[in-house]
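Visitor: Let me see the structure of the following:
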Amino acid sequence: MRSSSRVAGPVLLGALCGVLSAQTPPVPASVSGVVTNSVTGEPVLRAHVAVRGMGSPSPDTPPQSYGALTNQEGKFTIAPLPAGRYVVSVERVGFVMPINSNSQGRLADITLAAGDKKEDLKLTLTPTGAIVGRVLDSAGEPVPSAMVQVEGNNDNQNVSTDEQGRYRAGGLRPGKYRVHATPPGSPFPAEIRTDGTEIVHYSATYYPESLDRASARRVEVGAAADVNGVDIRLIRTAVLSVTGKVDGMPGGKARANLMVMREGEQGASSANAMVKQDGSFKISPIDPGKYTITALVYGPSPQHNLQSPPVEIEVAGANVEHIELRLIPPFDVSGQVRFDDEAARTPPQRPAQPGQAASTRQQMPPRQINLQPGAGFMGNGGLSAAIGADDSFTLESVVPGRYHVSLSWGPAYVSAVRVGETVTEGDVLDVRNGPAGAVTLTVSSATCQISGTVNDSSGPVANAHVILVPQAGEVMFTRSTSAKPDGTYTFTGLRPGKYQLAAVDEGFYPNGRSDNALEDYEDVAARIELRAGDKLTQDLKRK
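Guide: Purely as a prediction, here's the structure:
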């Protein structure tokens, strides 16, 4: 009995220690470091450092965030932190994250185990710059209440001039900007004058004196620098108008609206567009330039939601008259999909989630086609249709427009579109004038590949950010990737076409214009053309 008690004591003690050990909470982790000014190297006081979780313990619990402010030495400590993956970011008024972080202004994520003490985080902030100037009329007089837009690839800002025509656009990330001034507008049509005087009209003008965005001079802003003297002298132009009629008005209380889009600009034009009950319209005053005009009518039912085919016009030195905008009710587009090969026909199977039965471990994704409006056009973007077992499809309630057709699976792509008797290469479905016959989509799996190495003066660049933009397409189809540690990169599954390719700063992303999306990198960008099945090698240089 005595010997049995001697054995039981250690066993019970070990079991008790095991229970206590199991109940001991994990040792928390911590993060500490310093934030400095990237230009001067000095510490940044009261910078806000945030550590945001990249996961959550349950679907009902959002990821947790933790934060701290830096002291006079620029130092910070964030503790306690549970183990997990985090993203670290830092912000301070008058500063921005360096462009080589990423578009969300964050650093690479970090992973902390229980008890980790990460004490060597070195974060930097770049002081912002400003553009300062005046807006003047043709006589050199100040223009108050003018809207000044500062437009860059990584930053945009709108400010107004004061009573002396002065403006200041601050808080700008270092980079190159176009500066654009729009004179104050009026909600009323142009006056009719009978006293012999004429209306003075000024058009929206780019710095220093240009009506055309492409010929505007860009202003380079450095860190912590105010660029002064960026004065814009507005260009005086004739009071021009565009007149015409909207045909097919549904009657009753329905009213048409006009969407006026200027080439090279984002969003609708500020020109006054008035549509009368009989459908006649006048757009005045309107600045010289190229425009796309669309009439829209919204009603109580889908059949009363009407849109006209977009009409492209150019306004120069004279009025534009007799423009006809023909309203077309939504219509269905039916057709067939023709596959070049079996690889194009069948979406790749994807594995089921862990724990599923063996019979469901491979799942076939649905086959769909999707529409996306082309640049400068209105339309029902995101409209999709299932492809039936007989390879037929029907897109319902399509409005007039020019669309890109994509597939819900890859690497197949639409290589040609036939509408009635007209065949066009590429993925564009043109139904600007409504239904024009049966549609046949040709789908190919002969995708392309581009690979290469990113180098600078020291050799291959690890983790370089590489971006690929269609030259003649929309920025929405932009692709990006990161080079491997040895500087090599690869794009696969590409459609044939013309592209621009460059190694860029990681925070860079095209701002939505497709005329020259990589103009900041034109000295190192490559222009390439891919044909079906091409596998090209293109080495790149980074600035």
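
Visitor: Where does the prediction get shaky in the stretch 101-250 of the chain?
Guide: The stretch 101-250 of the chain contains residues with pLDDT under 70 at 101-108, 187-190.

Visitor: residues in contact with Val469?
Guide: The neighbours of Val469, taking C-beta atoms under 8 Å, 6 or more residues apart in numbering as the test, are Val475, Phe477, Thr478, Tyr499, Gln500, Leu501, Pro510, Ser514, Ala517, Leu518. The C-beta positions use only the backbone N, C-alpha and C, and glycine is treated the same way.

Visitor: Tyr167: which of those residues is nearest?
Guide: Pro510 (26.3 Å; C-beta to C-beta).

Visitor: Now do the contacts for Ala47.
Guide: Residues near Ala47 by C-beta under 8 Å, 6+ apart: Val35, Leu69, Thr70, Gly74, Phe76, Val90, Glu91, Arg92, Phe95, Leu123, Leu125.

Visitor: Now that the third one has come up, it's in contact with Val35, right?
Guide: Right, the one you point to is Thr70. Yes. Because the distance of 5.0 Å satisfies C-beta atoms under 8 Å, Thr70 is recorded as touching Val35.

Visitor: Now the phi/psi pair for Ser215, please.
Guide: For Ser215, the backbone dihedrals are phi -100, psi 10 (criterion: degrees, to the nearest 10).

Visitor: Near the residue nearest to Val524 when sequence neighbours are not counted, how many other residues are there?
Guide: Counting by C-beta to C-beta, 6 or more residues apart in numbering, Val524 lies nearest to Lys541, which is 4.9 Å off, once chain neighbours are set aside. Counted by other C-beta atoms under 10 Å, the residues lying close to Lys541 total 16.

Visitor: State the pair within the contacts of Ala47 that is farthest apart.
Guide: Spatially, the most separated pair among the contacts of Ala47 is Phe76 and Phe95, at 14.9 Å (C-beta to C-beta).

Visitor: returning to what we had before: look up the residues forming beta bridges with the residue nearest to Val524.
Guide: Asn455 (DSSP bridges).

Visitor: you'd agree it is up against Ala503?
Guide: Yes. At 7.0 Å, Lys541 and Ala503 qualify as touching, with contact defined as C-beta under 8 Å.

Visitor: list residues touching both of those two?
Guide: With C-beta under 8 Å, 6+ apart, Lys541 and Ala503 have common neighbours Val454, Val524.

Visitor: Could you check how far Ser458 is from Val242?
Guide: Ser458 is 56 Å from Val242, where distance means C-beta to C-beta, to the nearest Å.

Visitor: Just want to know which of those two has more residues nearby.
Guide: The neighbour comparison of Ser458 against Val242 (other C-beta under 10 Å) goes to Val242, with 23 against 6.

Visitor: For the more buried one, which residues are in contact?
Guide: For Val242, the contacting residues are Lys282, Ile283, Ser284, Ile286, Tyr291, Ile293, Ile313, Val315, Asn319, Val320, Glu321, Ile323, by C-beta under 8 Å, 6+ apart.

Visitor: Could you do Pro309 as well?
Guide: Contact partners of Pro309, counting by C-beta under 8 Å, 6+ apart, are Thr294, Leu325, Arg326, Ile328, Pro400, Gly401, Arg432, Asn433, Gly434.

Visitor: Can you tell me which of these are buried?
Guide: Buried members of the contacts of Pro309, scored by 16 or more other C-beta atoms under 10 Å, are Thr294, Leu325, Arg326, Ile328, Pro400, Gly401, Arg432.

Visitor: On the strand side of things, show who the fourth one bridges to.
Guide: For Ile328, the residues forming beta bridges with it (DSSP bridges) are Gln307.
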